[in-house]
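*Asks:* Mind looking at a prediction? Sequence and model below.
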Amino acid sequence: TGGIGALGAKAHCMSRYEGAGVGAAWLQGLIDKQTAGGDKAFLWSVLGLFHMEEGRLKEALDPLRKAVQMRCDEGGFTFDAHDALVIDEPTAHKQSDDYIPVAVTIEPLATCALKAGELDEAFRVATRGISLLQQFRRCEGKYAADEVEAGDAACRSIRAMVLARKSRFDEAKHEAALARLLAVRGKVFTDCEAADDADRVILELEERKKNEKK
């Protein structure tokens, strides 16, 4: 993440002092010049995150999608029609560390899609993130069964917020509870934030729905 921060900070400075669009153009130039042996997925991710931080959510989606696809291609990860990770023989023999590059790339895409109002894409990507992290937890071999099932707090939170926006509150609360389970067990600050966000959005939207019926 240090590289993402350094490149992103430089791009922000360029746009601030040299004009809007300069930072994104510089990052795109780095991508265009990247050789076959370089980490182009990393640079696509940086560009997407840069657009997100600048508030350009729609522009962020395409580079984030490319980053995720490249990471999946590199790792040999595929998903079925229900967005579950395909556990073929090569995948079954992967180590837990093999899942990290995809996992850290997929969550920003799901988050961006949610913020951009692309609810179906947010749900689909978050579902894939959960499935990836479920297999990661199985590989680690140190998690309880309910923690394996929960998969990932951020992706569960995103699914919860999508379902709440569709007024499917019981399902949303189930997703939020799984996010909270991981937040409580793991005591990770970002997981706690994700669970808090899900609970807040569900409460706000449920209250709004009740008021509309009065």
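*Replies:* Perfect, thanks for sending it.
*Asks:* Identify each buried residue in stretch 179-195, please.
*Replies:* 179-183, 191-192, 194-195 (16 or more other Cβ atoms under 10 Å). Placement of C-beta: from N, CA and C, glycine included.
*Asks:* now do stretch 65-73
*Replies:* Buried residues in stretch 65-73 (16+ other Cβ under 10 Å): 65-68, 70-72.
*Asks:* swap in stretch 136-150?
*Replies:* Across stretch 136-150, burial judged by 16+ other Cβ under 10 Å covers 136-137, 139, 143, 147-148, 150.
*Asks:* Just the ones of those residues in helices?
*Replies:* Those of those mapping onto helices are 136-137, 139, 147-148, 150, per DSSP state H.
*Asks:* Just send the residues you listed back as JSON lines, with distance to Lys33 too.
*Replies:* Output for those, formatted as JSON lines (distance: Cβ to Cβ, whole Å):
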{"residue": "Phe136", "distance to Lys33": "33"}
{"residue": "Arg137", "distance to Lys33": "38"}
{"residue": "Cys139", "distance to Lys33": "36"}
{"residue": "Glu147", "distance to Lys33": "43"}
{"residue": "Val148", "distance to Lys33": "42"}
{"residue": "Ala150", "distance to Lys33": "41"}
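*Asks:* For those residues, work out which two are farthest apart.
*Replies:* Using Cβ to Cβ, these reach their maximum pairwise distance at Cys139 and Ala150, which is 15.6 Å.
*Asks:* quick check: mean pLDDT across the lengthiest helix in the chain?
*Replies:* For the chain, the longest helix by residue count, based on DSSP H, is helix 189-213. Helix 189-213 comes out with an average pLDDT of 94.
*Asks:* Centre of the chain to that helix, how far?
*Replies:* 19 Å (Cα atoms, centre = their mean, to the nearest Å).
*Asks:* same question, stretch 9-18
*Replies:* 25 Å.
*Asks:* Check stretch 138-148 too.
*Replies:* Using Cα atoms, centre = their mean, the offset of stretch 138-148 from its chain centre is 20 Å.
*Asks:* Any chance you could list what contacts stretch 112-124?
*Replies:* 48, 52, 57-58, 60-61, 64, 83, 110-111, 125, 158-159, 161-163, 165-166 (Cβ atoms under 8 Å, 6 or more residues apart in numbering).
*Asks:* Repeat the analysis, applying 7 Å as the threshold.
*Replies:* For stretch 112-124, the external contacting residues (Cβ atoms under 7 Å, 6 or more residues apart in numbering) are 48, 52, 57-58, 60-61, 64, 83, 110, 125, 158-159, 161-162, 165.
*Asks:* Kindly report the same for stretch 135-144.
*Replies:* By Cβ under 7 Å, 6+ apart, the surrounding residues in contact with stretch 135-144 are 85, 87, 94-96, 99, 103, 147-148.
*Asks:* and if you look at stretch 199-213?
*Replies:* Under Cβ under 7 Å, 6+ apart, the answer for stretch 199-213 is 160-161, 164-165, 167, 169, 172-173, 176.
*Asks:* go with 8 Å
*Replies:* Contacts with stretch 199-213, where a contact means Cβ under 8 Å, 6+ apart, come from 160-161, 164-165, 167, 169, 172-173, 176, 180.
*Asks:* Just the buried residues from those, in ChimeraX please.
*Replies:* Selection of buried members from the contacts of stretch 199-213 for ChimeraX, criterion 16+ other Cβ under 10 Å:
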select :160,161,164,165,169,172,173,176,180
